[in-house]
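Enquirer: with the sequence up front, the predicted model follows.
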Amino acid sequence: MTSERGIRMDRVCYTVGGRRILKEFDLLLERGVNRTILGKSGAGKTTILKLILGLLKPDAGAISIDGTVIGGLRESQLIPVRRNIAIVFQGGALFDSMTVGENVGYRLFEEGKLTEDEIERIVLEKLSFVGLEHSIDLYPAELSGGMKKRVAIARALAAEPDYIFFDEPTTGLDPIGVYNIRNLMLRLQAEGKTTLMVTHDLETAFAVSERFSFLHETRLAFEGTEEEMKRSEIPEIREFLAPTERSLFISNSNNTDIHP
């Protein structure tokens with residue numbers, strides 16, 4: 001373990017079912033720098049989040065979180081490393097049988113370190129942050145899609161992580177819901193949280209992120225700022241930012257990198 005702060009992926013390779021998803025992929029998420037990973041559907045963006053969390057194991061390469069290399073760690077050793085990371089899944093991933101308040105406080109109850117009164121105070125604080133304190137006793141089935149994602153953000157905040165991952169946070173939301181998610185992400189960043197997002201929503205990406213990584217055919221094709229990306233001469237990036245007729249029916253598959 002070193003004193004390095006941030007999340008690093010170094011030449012990471014990952015294959016599933018004979019299909020190469022990542023090949024020598026690099027990523028650096030520095031503390032306080034908010035990044036978005038872009039790429040076509042099926043390119044492997046969500047896979048990157050799962051690899052960082054240790055939910056998937058890379059075939060090769062190294063992943064480190066604040067200087068701790070997670071490769072080879074047992075599940076029990078991963079728990080304290082993961083504690084500083086929270087993820088907001090695309091669908092919210094709330095427990096249908098639990099109330100909003102129980103969902104937000106779930107991780108704290110599982111850890112068993114705080115009293116019920118302390119957890120209730122934190123739950124109310126985080127629900128207030130996302131504007132849903134009056135929904136504490138509702139169940140997920142009673143919430144709109146946008147409300148579910150805001151509850152998921154409150155749950156992510158409950159354990160006070162430094163890193164928050166967002167997996168397609170605006171998918172399926174109306175303009176008001178999208179605005180709310182963007183505003184919440186900016187407020188999180190203002191409070192010092194580091195965010196890593198995967199999305200197809202370029203408008204949201206450019207509104208909330210400082211740095212961008214573009215994944216193309218298993219590799220990192222670009223890393224830089226919004227302006228650098230918009231000036232890029234890389235054909236795949238130009239097509240991604242401004243699709244043309246030649247984009248019609250282009251396959252998202254990266255099966256060209258399948259090896260027997």
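Expert: Looks like it came in fine. Residues are numbered from 1 along each chain as shown.
Enquirer: contact partners for the closest residue to Asp96 other than its chain neighbours?
Expert: Using CB to CB, 6 or more residues apart in numbering and skipping the chain neighbours, the partner closest in space to Asp96 is Pro140 (5.3 Å). Where you see a C-beta, it was placed from the backbone N, CA and C, and this is true even at glycine. Contact partners of Pro140, counting by CB atoms under 8 Å, 6 or more residues apart in numbering, are Gly92, Leu94, Phe95, Asp96, Met98, Val100, Asn103, Lys148, Val151.
Enquirer: which ones are touching the last one?
Expert: So the one you mean is Val151. Gly92, Leu94, Val100, Asn103, Val104, Leu127, Val130, Leu132, Ser135, Pro140, Leu143.
Enquirer: recalculate using a threshold of 6 Å.
Expert: Applying CB atoms under 6 Å, 6 or more residues apart in numbering, one finds that Val151 lies in contact with Val100.
Enquirer: go on, the third one?
Expert: Phe95 sits next to Asn103 when contact means CB under 6 Å, 6+ apart.
Enquirer: among the contacts of Pro140, name the buried ones.
Expert: With neighbours counted by 16 or more other CB atoms under 10 Å, the contacts of Pro140 contain buried members at Gly92, Leu94, Val100, Asn103, Lys148, Val151.
Enquirer: rank those by pLDDT and give me only the lowest.
Expert: In terms of pLDDT, Gly92 ranks lowest among the buried ones among the contacts of Pro140, with 65.
Enquirer: what are the ranges of the strands in the stretch 1-150 of the chain?
Expert: 7-16, 19-29, 35-38, 60-65, 68-69, 85-88 (DSSP state E, counting those that start in this stretch).
Enquirer: in a markdown table, list the ones you listed along with mean pLDDT, mean neighbour count and distance to Glu75.
Expert: A markdown table is the format used below for these (pLDDT from 0 to 100; neighbours: other CB atoms under 10 Å; distance: least, CB to CB, whole Å):
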| stretch | mean pLDDT | mean neighbour count | distance to Glu75 |
| --- | --- | --- | --- |
| strand 7-16 | 95 | 18 | 19 |
| strand 19-29 | 94 | 20 | 22 |
| strand 35-38 | 95 | 24 | 26 |
| strand 60-65 | 96 | 18 | 15 |
| strand 68-69 | 92 | 15 | 15 |
| strand 85-88 | 90 | 24 | 15 |
